[in-house]
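[1] Predicted model, plus sequence, below.
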Amino acid sequence: MLEGIGLVKKVFTMLNYLWAGMIIIGVVFGIFTGKTSEVSESFLSSSKEAISLCITMAGVVAMWSGIMEIAKESGLTNALSRKMKPLIGFLFPNIPKDDIANEYIATNMMANILGLGWAATPSGLLAMKELNRLNGGKETASNEMCIFLVINISSLQLIPINIIAYRMQYGSANPAEIIAPAIVATLASTFVAVIFCLIMRKRGMAK
C-alpha cells in the first residue's frame, strides 16, 4: 500500500506543477494582452464551478462506492469474481488461481465497467500492490502489471456514470445519450489494448 501511496503522491505533485504552470502562463498572457479583468473573472467563476462540480461528483462517487461495498459484503463481488476467473486467467496466466490479486483485479474491472473511475482507484492500487508482490518487488514491471495497467486505462464502460454526472452538471438535455457511444469507444479501446498486450506477451515469450 505504501508503494501505491507514494506513486499517487508523485502523480499529484506532477499535476500541481502542471496546473501552476498553466495558471502562471494565463496570468502573464492576460497582463501582456491587457485582459487582466477577464483573467480575474475567469478565476472567480472557475473556482465557483469547481466547488459545485466537486460536490456533485462527491455524491456520485460516495453512492457507488457504497454500492460496491455492499456488493462486497453480500458476497456479490466474490460471485462475480468467480464468473470472471476464466477471463482473468486468460489475461493473467501467471497469477495463482486462488491469489487475492484476482479479487482486486475483478473488483477494479467491475468498477470500471460501471464507469466509476474514481471508485475503481482503491482496488486498482491494491491489485497493483499484489502484482508487485508476485513480481518479487522488482523495479521492472511484470507482464501482468503491464496488462493490468493497459486494460485499466482502456476501461470498458457499459454505464459511464461519471460522464453522465458531468453532463447533468452542465445542463445537458439528455445526459444519458452518451451511453451508446461510450460503449462503442471503450469496447474498441479495450479490444485493441488486449490484442496489443497479447502480441507483446507472445514476443516476450519468443525471446
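    In hand now; what should we look at?
[2] Pull the contacting residues for the nearest residue to residue 156 once chain neighbours are set aside.
    Nearest residue to residue 156, sequence neighbours excluded (C-beta to C-beta, 6 or more residues apart in numbering): residue 190, at 4.2 Å. All C-beta atoms are positioned from the backbone trio N, CA, C, and that covers glycine. By C-beta atoms under 8 Å, 6 or more residues apart in numbering, residue 190 lies in contact with 151, 154, 155, 156.
[3] The third one contacts residue 185, correct?
    No - the criterion here is C-beta atoms under 8 Å, and residue 155 misses it with residue 185 at 10.1 Å.
[4] between the two, who's got more neighbours?
    Taking other C-beta atoms under 10 Å, residue 155 and residue 185 do not tie; residue 155 has more neighbours (20 against 15).
[5] What is the neighbour count of the closest residue to that one other than its chain neighbours?
    Once flanking residues are discounted, residue 155 sits nearest to residue 112: 4.6 Å by C-beta to C-beta, 6+ apart. Residue 112: 24 surrounding residues under other C-beta under 10 Å.
[6] I figured residue 112 hits residue 157, correct?
    Yes - Residue 112 is within contact range of residue 157, at 6.7 Å (criterion: C-beta under 8 Å).
[7] For this structure, just list every one of the helices.
    With DSSP state H as the criterion, the chain has helices at 2-33, 36-74, 76-83, 85-91, 100-113, 121-134, 143-154, 161-169, 179-206.
[8] just these: most buried one?
    helix 100-113 (a mean of 22; mean count of other C-beta atoms under 10 Å).
[9] For stretch 86-99, what does the pLDDT average out to?
    Taken as a whole, stretch 86-99 carries a mean pLDDT of 83.
[10] Now find how far off-centre that stretch is within its chain.
    Stretch 86-99 sits 21 Å away from the centroid of its parent chain (C-alpha atoms, centre = their mean, to the nearest Å).
[11] same thing with stretch 144-158?
    Here stretch 144-158 is found 9 Å from its chain centre; the criterion is C-alpha atoms, centre = their mean.
[12] any residues touching that stretch, and which ones?
    With C-beta under 8 Å, 6+ apart as the test, stretch 144-158 has contacts from 91-92, 94-95, 105, 108-109, 112-115, 117, 120, 124, 127-128, 131-132, 134-135, 141, 179, 182-183, 186-187, 189-190, 192-194, 196-197, 200-201.
[13] redo that, cut-off 7 Å
    Applying C-beta atoms under 7 Å, 6 or more residues apart in numbering, the contact partners of stretch 144-158 are 91-92, 94-95, 105, 108, 112-115, 124, 127-128, 131-132, 135, 182-183, 186-187, 189-190, 193-194, 196-197.
[14] And stretch 191-206, by the same measure?
    The contact list for stretch 191-206 (C-beta under 7 Å, 6+ apart) reads 143, 146, 147, 150, 151, 154.
[15] if we go to 8 Å?
    Contact with stretch 191-206 is made by 91, 143, 146, 147, 150, 151, 153, 154, as judged by C-beta under 8 Å, 6+ apart.
[16] And the most far-flung residue of the chain relative to its centre, what's its pLDDT?
    For the chain, the largest distance from the centre (C-alpha atoms, centre = their mean) belongs to residue 34, which lies 40.0 Å off. According to the prediction, residue 34 has pLDDT 76.
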